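>>> here is the input, now give the coordinates:
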Amino acid sequence: MRPFPGLASLRTTARNSRSEAANSPGKYFSKVRRSLPSLQLYVAFVVLALVAGPIDQFVSSAFLAGAAQSAALGFASCFAALALAVTAAVCRRRVPHRSEWIALLVLALPQWFLIGAGNTSVPALHLGWGTQLLLNLEAPLWLGLLSASGAAGIEVPRAVIAAAIVGMGAVCLSLPADVTVIGWGAAPALFVNALLGVAVVASWVYARPRLAGCPAVCAAAAYLGLSSVGYILYSVLYQQGGLHVAESGLTWATVLPEIATLAVGWVLWFWLLRRLSLAAFSMRMLASDAATLLSGFFVFGLAQWRMDAAFVISCTAVIVALRATPAGEQPLSLGLTIS
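Residues are numbered from 1 along each chain as shown. Predicted coordinates:
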């Protein structure tokens, strides 16, 4: 009787792993340790979570108060792009090549469509903020779907998928019960946003190898310039205020912090995109949400058990995902011995 192909493959993998460990003790597990992120990556990941979480929330609350949201973000992105371009020129960083510009445009295109997800002016994309948050947290699941289909050519550890699911459950603990309610009328918008979520993750897979040699400052400057085009076009087409940002009461005291937040956040984003595995990189939204809960501790203290539990579980899920590697899930490292 012919053996089951999957079991035969598992036997071969386990046999090769045992042979490798017997011939060179410790070599197999040293390969696993080398694939783990360094302390520098951990620090950058935490800083990005803080910048994209509580810092961005605090700055944007003052920046967008009374302003035409898309137009204001468009002009802030444009100024941030100019600031980074000047920084790149002073530091003598090269201009992105044509292939890198194409990769940056692929990254920006899904984001242009997602601008309308939080606005009622585009009913085909509009969803509640709670539903949008959960869809953003599903990036590791979309990445695992692409990996399982073989289209991405990458490996996503099972621990990352499990950590993402547990983290989403933890986030649901901190959300009001009614913010994730979806009626049948919103089903088409949910489907379109899910497809855009897959497109965003696919754009990471496409752009990462093509931006491997592009400095993070230059990539961030070019991407913010492309993003400003999307924001301004959306403001012209859908928002009644158009480009009348000057009449919205914005001052440099509110604009400059937003420009700094955008510049720092996107430089760190592109720096981590090149150095982290995509599976670990996809957990940054959960990390940003956990960091946002820190501001709640200053207001409510430790009396809100749901927020406390959500923070602890989310942080644990992110740490597990950052330390997960495909090599760490091989039969030998799991303690499986198949004869």
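>>> report the buried residues of stretch 125-136.
Of all the residues in stretch 125-136, those buried under the rule 16 or more other C-beta atoms under 10 Å are 125-128, 130-136. For glycine as for every other residue, the C-beta is placed from the backbone atoms N, C-alpha and C.
>>> let's have the residues you listed in a markdown table, adding pLDDT.
What follows is the buried residues of stretch 125-136, written out as a markdown table (pLDDT from 0 to 100):
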| residue | pLDDT |
| --- | --- |
| Leu125 | 75 |
| His126 | 76 |
| Leu127 | 80 |
| Gly128 | 79 |
| Gly130 | 82 |
| Thr131 | 84 |
| Gln132 | 86 |
| Leu133 | 86 |
| Leu134 | 88 |
| Leu135 | 89 |
| Asn136 | 89 |
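>>> among these, which are in helices?
If you go by DSSP state H, those have 130-136 in helices.
>>> closest to Arg94 out of the buried residues of stretch 125-136?
Nearest to Arg94 out of those is Asn136 (C-beta to C-beta; 32.5 Å).
>>> for the closest residue to that closest one other than its chain neighbours, give me phi and psi.
Spatially, and ignoring its direct neighbours in sequence, Asn136 is nearest to Met285 (4.8 Å; C-beta to C-beta, 6 or more residues apart in numbering). According to degrees, to the nearest 10, the main-chain angles of Met285 amount to phi -70, psi -40.
>>> from the chain's centroid, how far away is stretch 202-214?
Relative to its chain's centre, stretch 202-214 lies at 14 Å (C-alpha atoms, centre = their mean, to the nearest Å).
>>> quick one: contacts of that stretch?
96-97, 99-100, 102-104, 106-107, 109-110, 143, 146, 151-154, 219, 270, 273-274, 278, 281-282 (C-beta atoms under 8 Å, 6 or more residues apart in numbering).
>>> show me which of those are buried.
Here, 16+ other C-beta under 10 Å leaves 96, 100, 103-104, 106-107, 109-110, 143, 146, 152, 154, 219, 270, 273-274, 278, 281-282 buried among those.
>>> now, those that are in helices?
100, 103-104, 106-107, 109-110, 143, 146, 219, 270, 273-274, 278, 281.
>>> which among the residues you listed gets closest to Ser314?
Nearest member of those to Ser314, counting by C-beta to C-beta, is Phe281, at 16.5 Å.
>>> show the contacting residues for that closest one.
Phe281 sits in contact with 204, 272-273, where contact means C-beta under 8 Å, 6+ apart.
>>> if you set the cut-off to 7 Å instead, what comes out?
Residues in contact with Phe281 (C-beta atoms under 7 Å, 6 or more residues apart in numbering) are 272-273.
>>> swap in Ile161?
By C-beta under 7 Å, 6+ apart, the neighbours of Ile161 are 140-141, 144.
>>> that one and Trp142, how far apart?
Shown here: Ile161 relative to Trp142, a distance of 11 Å by C-beta to C-beta, to the nearest Å.
>>> try Tyr231
Distance of Tyr231 to Trp142, computed by C-beta to C-beta: 24 Å.
>>> for Gly130, same thing?
With C-beta to C-beta as the criterion, Gly130 and Trp142 are 19 Å apart.
>>> then Ser149?
For Ser149 relative to Trp142 (C-beta to C-beta), the value is 11 Å.
>>> of those two, who's got more company?
Per other C-beta atoms under 10 Å, whichever of Ser149 and Trp142 has more neighbours is Trp142, with 23 against 8.
>>> ok, the more buried one - contacts?
Contacts of Trp142 (C-beta under 7 Å, 6+ apart): 197-198, 201.
>>> what's the closest of the residues you listed to Gly265?
Val201 (19.0 Å).
>>> tell me which element that closest one falls in.
Using DSSP states H and E, Val201 sits in helix 187-210.
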